[in-house]
Each structure stands twice: as C-alpha cells, then as structure tokens.
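# Here's a sequence, model it:
(chains A and B)
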Amino acid sequence: MHGMKACFLAVLAIGVSLHSPITWPAGSNSLSMQSTVIGTCKVTTPPGLLNFGSIDPSGKSNVTTSTTFAIKCTKATVSTAATDDGGLNFSGSKRMKHSVNPTAFLPYSVSYSGDAGFTGQGFGPGAPAQTVTVNGTVTPAQFQNALVTSAGQVYSDTVTITVNP
Amino acid sequence: MKTKATALQYTALASIVMASIGITMSSTAFAGGTTSLTVNAKISGVCKVTAAPATLDFGSIDPSGGANATASTTFTMKCSNGTTSTAASDDGGLNFSGTKRLQHTVAGNFLGYAIAYSNDTGFSGAGFGGATASQTVTINGTITPAQYGSALATTGVQVYSDTVTITVNP
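Got it, this is the predicted structure:
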C-alpha cells in the first residue's frame, strides 16, 4: 500500500521536473511519453465520532454504535477491505483508555461494511462516493467490570483507518 | 558584490519555496488513503439487585403481646467498579398512609409496619462480572404493639400483605 503511494509521489516529482526547459538534441525525430494512473481509494469525508454513549455495566446485551465515512476510488478500481492500526491502546483487542486512570481500559471491536467491492469512478466532484459504515461493539464481558467514569471522565481511543488499495 | 549577494538570496528563497511545495504534496498524498476515527464511551455508576429478597414474613402475631414483632430478609446487590452504594429507598408500598401498611385479605383493614435497611450504604462495587463481590443488604421489619394490638384477626387462609418496591442507589 505505502509502496504504491510512494510510486505515485515519484510520478508527480517527475512531472514537476519536466516543467524545466528541455533542450532537444539536434536530429531527434520522435518523442515517447507514458503515464501511469495509480489505482487507489481515498477518504473524501472522514467519520464522525464513534460514540458508545453511557453504558450501564449491569446490562446483559452488547452495546453497539456506528458511524460512517465516504471514499472515492480511481476509475475502474475496485475497493478492497479497509484496515486499521488497532488504535492507540491495542492489547489483544482494541481498547479505549480511561481519561483519569491510565491503567483502566474498556475493550471494544469495530468492523467495516461497504468498504470492499466499490467500483470507483474517479475523484471528480461528480464521481460517486461510497459510504463505509464503521460498526462498533462492546460486549458485557468487556464492560461489566469496567471502572466507572465520573463526571467529566470518558473512555476514548483513536484509530487510523486505511482504505485500500 | 552587492548584486551577487542579492542573487544568492533569491536562490535561497526559491529553494525554500520548492521545499514547501514538496512537503505539502507529500502530506496530502499520504492523508488521502487514511482517516482518523475517535471512539468514546462512558460507564455509568449504578447498583443493581442481583438476588431478590424473599418474603418479609412476620408470621403469626399475638395481639396481646407487649414487644415489637420483628422479621428480616435479605437481598444482594452489585455496583459498578468504582461506585460506592448510597442508601436504599422504597416507594412506601401499595398501602402507604402515614406509614407502610399491610392490608388484610378483607380489604380496608390494615396493619401498620416499618422497615429499615442495613448494609445498603458504603459498599464499594467491583462491577457486574460473575466473580465480582456482591453485597448483602438486610431488610429489618418491625410492627409495634400499638400497631398490632387492635388489628383485625386473620382467620383460615386470611393474611395481611403488602408489596414494596425497593431501589438501590445510585
């Protein structure tokens, strides 16, 4: 993924250098030009807050929430599964960290839907975007013994999501 | 010399501009394929009854007695990890009028009583998981001679009864 991005940058750099005056050698009679358009997807609208709200730890059911973001892809490029970095507090699972007690964590999981299989039509303003849903879940086993959050306290995490390719 | 120095300054300026363009392009390209997601949650501080109380049964009271009739029962509760319980409260029961009252099977006849809770306050919760500690709260019931001395007798299967809804806090 990052290799492709680097390649994209290299192409741009060459494009800039071509703006320098070129002196054609005498006798030249042909010029071959080629360009590669990288098949890639980009986030065009970032996700809102994935907010589980206030969880009653005595509950018996999963607590779920969702948010969305939008992507566009190169024309004819089909998106593949989104990935993420596990967040800032990953240890076996994603975890939110308590804002006051740095050793108190609240594990959770996210899944993505609508991320794979979108056929891009480019990045122009008229090109359609795909809405990807981020589904978050905290299970009773994860929240039932979690340290309480008093007034002004919160559990939080930050996850970096990558859309592919 | 002065002209040359000026030219050098222009060269340096041009380099800075080019460097700035390079940084901007690099940053934009990287951010395109990724996005940042912020995740939030709160855990509420609550106590919940985990084992309901059995009947608070005063049994058969001799109305000629001179001492309080008492009875007790218990329930258990758990609280959020980090939450300390405060006093339990109740709704006064189904027949409250100045005091809690049991009602005779023959409606309209009442037997006043009182209840008090012990060990309801000050329990430090450890959460609701199966292995976490629970607190036993005792309900102490009392009927004084003044309350039962003139109460209508219960015959056969007759009984005085009441239902009280207890709330544990917070």
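# And the strands in chain A?
A:41-45, A:50-55, A:63-73, A:80-84, A:94-98, A:105-113, A:130-138, A:155-164 (DSSP state E).
# go on, chain B?
B:34-43, B:47-51, B:69-79, B:86-90, B:100-104, B:110-118, B:135-143, B:160-161, B:166-169.
# got a pLDDT number for residue A:34?
Reported pLDDT at residue A:34 in the predicted model: 78.
# Tally up the residues packed near it, please.
Per other Cβ atoms under 10 Å in any protein chain shown, the neighbour tally for residue A:34 reads 4. (Glycine included, C-beta is placed from N, CA and C.)
# And it, how close does it get to residue A:75?
Distance, residue A:34 to residue A:75, using Cβ to Cβ, to the nearest Å: 18 Å.
# quick one on the thing from earlier: using JSON lines, please lay out the strands of chain A together with mean neighbour count and mean pLDDT.
What follows is those, written out as JSON lines (neighbours: other Cβ atoms under 10 Å in any protein chain shown; pLDDT from 0 to 100):
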{"stretch": "strand A:41-45", "mean neighbour count": "20", "mean pLDDT": "96"}
{"stretch": "strand A:50-55", "mean neighbour count": "18", "mean pLDDT": "98"}
{"stretch": "strand A:63-73", "mean neighbour count": "20", "mean pLDDT": "98"}
{"stretch": "strand A:80-84", "mean neighbour count": "17", "mean pLDDT": "97"}
{"stretch": "strand A:94-98", "mean neighbour count": "21", "mean pLDDT": "98"}
{"stretch": "strand A:105-113", "mean neighbour count": "18", "mean pLDDT": "98"}
{"stretch": "strand A:130-138", "mean neighbour count": "19", "mean pLDDT": "98"}
{"stretch": "strand A:155-164", "mean neighbour count": "20", "mean pLDDT": "97"}
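# Same list, those, but as TSV with distance to residue A:121 please.
Output for the strands of chain A, formatted as TSV (distance: least, Cβ to Cβ, whole Å):
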stretch	distance to residue A:121
strand A:41-45	12
strand A:50-55	28
strand A:63-73	8
strand A:80-84	17
strand A:94-98	33
strand A:105-113	21
strand A:130-138	10
strand A:155-164	15
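# Pipe the strands of chain B into JSON lines and attach distance to chain A, mean pLDDT and mean neighbour count per row.
As requested, the strands of chain B are exported to JSON lines (distance: least, Cβ to the nearest Cβ, whole Å; pLDDT from 0 to 100; neighbours: other Cβ atoms under 10 Å in any protein chain shown):
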{"stretch": "strand B:34-43", "distance to chain A": "4", "mean pLDDT": "97", "mean neighbour count": "21"}
{"stretch": "strand B:47-51", "distance to chain A": "4", "mean pLDDT": "97", "mean neighbour count": "17"}
{"stretch": "strand B:69-79", "distance to chain A": "7", "mean pLDDT": "98", "mean neighbour count": "19"}
{"stretch": "strand B:86-90", "distance to chain A": "14", "mean pLDDT": "98", "mean neighbour count": "15"}
{"stretch": "strand B:100-104", "distance to chain A": "27", "mean pLDDT": "98", "mean neighbour count": "20"}
{"stretch": "strand B:110-118", "distance to chain A": "20", "mean pLDDT": "98", "mean neighbour count": "18"}
{"stretch": "strand B:135-143", "distance to chain A": "14", "mean pLDDT": "98", "mean neighbour count": "18"}
{"stretch": "strand B:160-161", "distance to chain A": "29", "mean pLDDT": "98", "mean neighbour count": "18"}
{"stretch": "strand B:166-169", "distance to chain A": "11", "mean pLDDT": "98", "mean neighbour count": "17"}
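# between these, which one is nearest to residue B:152?
Distance to residue B:152, taken as Cβ to Cβ, is lowest for strand B:100-104 among the strands of chain B, at 5.7 Å.
# Quick one: list the elements packing against the closest one.
strand B:110-118, strand B:160-161 (3 or more Cβ pairs under 8 Å, 6 or more residues apart in numbering or on different chains; DSSP states H and E).
# Go ahead and confirm residue B:45 touches residue A:148.
Yes: the criterion here is Cβ atoms under 8 Å, and residue B:45 meets it with residue A:148 at 4.3 Å.
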